[in-house]
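S.K.: okay, predicted coordinates and the sequence, questions at the end:
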Amino acid sequence: MTSRTRRSDAFANVHRIVAAAREVFGRDGDNATLSQVAEAAGVANATLYRHFPNRRALAAAVYEDIVVTDIKPAILALGRDAPRAAFIDALAHLEEVMFRQRPLLASIGDLAELTAQLFTRDRDQFDDMIMQAQATGELRPDLTSDDVATFVAMVTTASVAMNQPRAMRRRYLSLMFDALNPAATEPLPEPAPRTRREQSAR
C-alpha cells in the first residue's frame, strides 16, 4: 500500500467516524458510546482511538464538521441576499444540532474559544458579509466579525449547557438575535484589540 493510499484511507476513516458520531450521539444521547460510533463507522475501536484518542478530540472534530458543513455556508449566504430570517434560521439550526449532540459536545473544554478559532479562518468572508448586510440595513452598523463569532459561541454554549424545550430555546434565540437589529440600538463599547494570534490568521 502506497503512502498516498494510506492517507486516503485515513481521511475516509476520519470522515466515517465523524459522520457516525453525529448520527449515534444525535440518536442515542447520553447512552451512546464510542464503541457504538466505531461500529456505525465500520472501523475497529483501535482505528477510532488512533484518530481520536479521547472523547474530547472526537467532540471537537464533530463540532468543526457541524460549523463547516452546516452553519458557515448558511451565514455566509447572507452576503448575497441579506435576509434577517436566514441568519436566525442558521443559528436556530445550529442550536438544534448542538442540543442533540450535547452528550458529546459537553466534553469540549472551551467551546467558545473553539468557535472563535473556526470562524477566524474565514474572517475576510465574514467581514464582507457583515458590510453587505449592514449596507442593506439587515445588521446594526457597529457589528464586527468578532462579534458574530462570539454571538455564535454564546448560542452554542447555551445550547449545550441548558436543557430546555425547543420552543423555549427558539424564544431565547429570538431575544438574543434582537441585539443585532439595527433599529433602536444603543452604541456599543469599543471592541477589544485583536490578539496577535487573530491578526496572524488574516
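M.R.: Ah, there it is.

S.K.: all helices for this protein, in order.
M.R.: 3-28, 34-41, 45-51, 55-66, 72-76, 78-81, 84-100, 102-105, 111-120, 123-135, 145-161, 166-177, 196-200 (DSSP state H).

S.K.: give me the spatial nearest neighbour of residue 163, chain neighbours excluded.
M.R.: residue 102 (7.8 Å; CB to CB, 6 or more residues apart in numbering). C-beta coordinates here come from the backbone N, C-alpha and C atoms, glycine included.

S.K.: what's the pLDDT at the one you found?
M.R.: Note for residue 102: predicted pLDDT of 79.

S.K.: ok, residue 184 next?
M.R.: Looking at residue 184, the pLDDT reads 65.

S.K.: which one of the helices of the chain lies closest to residue 187?
M.R.: Among these, the nearest to residue 187 by CB to CB is helix 145-161 (13.6 Å).

S.K.: now for the residue nearest to residue 94 when sequence neighbours are not counted, how many residues are close by?
M.R.: Closest residue to residue 94 apart from its sequence neighbours, by CB to CB, 6+ apart: residue 71 at 4.8 Å. Close neighbours of residue 71, defined as other CB atoms under 10 Å, add up to 22.

S.K.: re the thing from before, burial-wise, tell me which of the helices of the chain comes out on top.
M.R.: helix 102-105 (a mean of 22; mean count of other CB atoms under 10 Å).

S.K.: contacting residues around residue 92?
M.R.: 170, 173 (CB atoms under 8 Å, 6 or more residues apart in numbering).

S.K.: shaky segments in the protein?
M.R.: 1-6, 76-87, 159-160, 184, 191-202 (pLDDT under 70).

S.K.: domain parsing for it?
M.R.: 1-53, 55-184+191-200 (automatic domain parsing).

S.K.: can you give the distance from the shortest one to the centre of its chain?
M.R.: Distance, stretch centre to chain centre, for domain 1-53: 20 Å (CA atoms, centre = their mean, to the nearest Å).

S.K.: same deal with the last one?
M.R.: When distances are taken as CA atoms, centre = their mean, domain 55-184+191-200 is centred 7 Å away from the chain's centroid.

S.K.: distance check, the residue nearest to residue 94 against residue 96.
M.R.: 11 Å (CB to CB, to the nearest Å).

S.K.: isn't residue 17 up against residue 65?
M.R.: No. With contact defined as CB atoms under 8 Å, residue 17 and residue 65 do not form a contacting pair (10.4 Å).
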